[in-house]
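>>> based on what follows, work out the 3D shape:
(one chain, ligands or ions: 1)
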Amino acid sequence: MRISNPRIVFNEIPNGLPNATTLVVDGAQTIDLDEVPLQGGILVKVLALSLDPYMRNRMRPADVPGDMPAFPLGDVVTGFGVGVVLRSETSLVNVDEHVYGFIAYQRYIVIPSINGNALDMEGLGLQIIHNKYNLPWRYYVGILGMSGQTAYYGLKDISRPKAGETLFVSAASGAVGHLVVQFAKALGLKVIASCGSDQKVSLVKSLGADHVFNYKTVDTAAELKQHGPVDIYFDNVGGPTLEAAIENAAQKARFVLCGMNLWLLNRYRVKMEGLIMTDWIDKYLEEFHEVVPRNLASGKLKYLEHAYYGMDRVGEAFVDLLTGMNVGKSVLVLEDAV
Ligand SMILES: NC(=O)c1ccc[n+]([C@@H]2O[C@H](COP(=O)([O-])OP(=O)(O)OC[C@H]3O[C@@H](n4cnc5c(N)ncnc54)[C@H](OP(=O)(O)O)[C@@H]3O)[C@@H](O)[C@H]2O)c1
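As a prediction, this is how the structure comes out:
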């Protein structure tokens with residue numbers, strides 16, 4: 001018997017923010033749960049689907065490049081979901097087991113076997129969930145799925161937290177942020193958190209954050225100045241909030257770049273680390289004096305210099321420097337001697 005198999009379709013490319021007609025439900029499709037061919041794979045009834053900020057980036061014209069492929073217009077969208085297996089033609093997954101992973105957003109899906117492995121789909125493998133504590137299955141697209149893992153991994157590894165340090169997190173009431181707050185408290189960190197409404201502020205306070213503010217009504221830099229400096233910044237938003245965090249960074253601060261605004265850094269897994277030249281003198285000065293003059297003398301190394309002759313040219317030289325009029329190293333030469 002064929003039954004309805006509703007799906008979420010990318011209906012319209014949004015101009016700015018998505019609206020009610022960007023993603024729509026298409027109820028025209030049907031499926032026969034007993035007869036649909038599985039091609040060596042599994043039939044899954046989907047239980048919960050994740051909605052994430054990154055999906056906005058996929059709602060673009062197909063010819064605009066991006067990190068993930070654009071959603072095909074008029075077709076079903078994909079993302080993280082959790083479901084229960086209704087039928088299986090593979091020994092890898094049993095009926096009634098639950099799976100989590102990257103799936104098409106529709107009520108029933110067939111995941112065919114790919115290279116004999118029904119769990120491999122779109123390069124993001126499906127996982128069988130072992131729900132030891134009988135938690136609601138929907139939790140696996142949130143706290144126990146991508147959002148929770150993002151908070152956990154980012155904090156645990158990239159931030160290298162030490163008890164007693166101060167962590168600042170933005171979008172602190174969001175899917176990732178509110179978990180960062182709690183994981184950080186559990187690690188013994190002092191937590192400063194920002195979010196976009198007074199109601200969110202109370203909520204995040206109730207999760208144990210030490211200082212929470214509404215960035216729309218107070219000045220972020222001033223808050224961080226008063227309650228920082230910031231040893232760890234878990235950035236979910238980029239922009240002016242990131243700048244305020246940089247202004248109020250502690251020595252050797254670690255910034256976990258999670259949000260979209262600096263996405264290129266995420267794409268290339270860039271680590272940012274502050275450099276103070278003098279930290280490295282002991283280690284490298286001798287080598288420097290050996291290598292660099294030799295290469296300069298042999299012509300292997302080129303030096304770009306913008307020389308100003310005479311002390312009275314200092315003003316002009318400095319303005320040039322600050323307005324980008326210099327080319328190479330700006331030097332005020334008082335006496336030219338070899
Ligand atoms: N790097 C990764 O692997 C990875 C994985 C997951 C998520 N992420 C990123 O982490 C960030 C948080 O994700 P999430 O899933 O936790 O999302 P979320 O909970 O839905 O957080 C979204 C929140 O961001 C704030 N916001 C919305 N529009 C904004 C804007 N234009 N400028 C500044 N803030 C804005 C809002 O909170 P306020 O009201 O408090 O402003 C909103 O509630 C996103 O940027 C997401 O793309 C990255």
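
>>> only C-alpha atoms for contact and neighbour calcs from this point on.
Fine.

>>> give me the most central residue, the chain.
Geometric centre of the chain, nearest residue: C258, 2.9 Å, by Cα atoms, centre = their mean.

>>> the strand ranked longest in the chain packs against which elements?
If you go by DSSP state E, the chain has its longest strand at strand 78-88. When contacts are defined as 3 or more Cα pairs under 8 Å, 6 or more residues apart in numbering; DSSP states H and E, strand 78-88 sits against strand 42-49, strand 98-104.

>>> tell me the strands beside the longest one, with direction?
Right, the one you point to is strand 42-49. Next to strand 42-49 in the sheet, as set by DSSP bridges, lie strand 78-88 (antiparallel), strand 108-111 (antiparallel).

>>> right, so of the ones you listed, which gets closest to H227?
With Cα to Cα as the measure, strand 78-88 is the member of those nearest H227 (37.0 Å).

>>> and the longest strand of the chain, how far from the chain's centre?
From the chain centre to the centre of strand 78-88 is a distance of 25 Å (Cα atoms, centre = their mean, to the nearest Å).

>>> looking only at pLDDT, what's the mean for that strand?
Computed over strand 78-88, the mean pLDDT rounds to 94.

>>> one more: stretch 165-185?
95.

>>> in this structure, which residue sits closest to the ligand?
At 2.8 Å from the ligand, G174 is the closest residue in the chain, using Cα to the nearest ligand atom.

>>> might you enumerate the residues of the protein proximal to the ligand?
52-54, 147, 150, 171, 173-177, 195-197, 236-237, 258-260 (Cα under 6 Å from any ligand atom).

>>> restricted to buried residues, select those residues in ChimeraX.
To isolate the buried members of the residues of the chain next to the ligand in ChimeraX, using 16 or more other Cα atoms under 10 Å:
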select :147,150,171,173,175,176,177,195,196,236,237,258,259,260
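
>>> in helices, which of the residues of the chain next to the ligand fall?
Counted as lying in helices by DSSP state H, out of the residues of the chain next to the ligand, are 54, 147, 150, 177.

>>> and L242, what does it touch?
Going by Cα atoms under 8 Å, 6 or more residues apart in numbering, L242 touches D235.

>>> what's the spacing between it and F168?
Per Cα to Cα, to the nearest Å, L242 is found 10 Å from F168.
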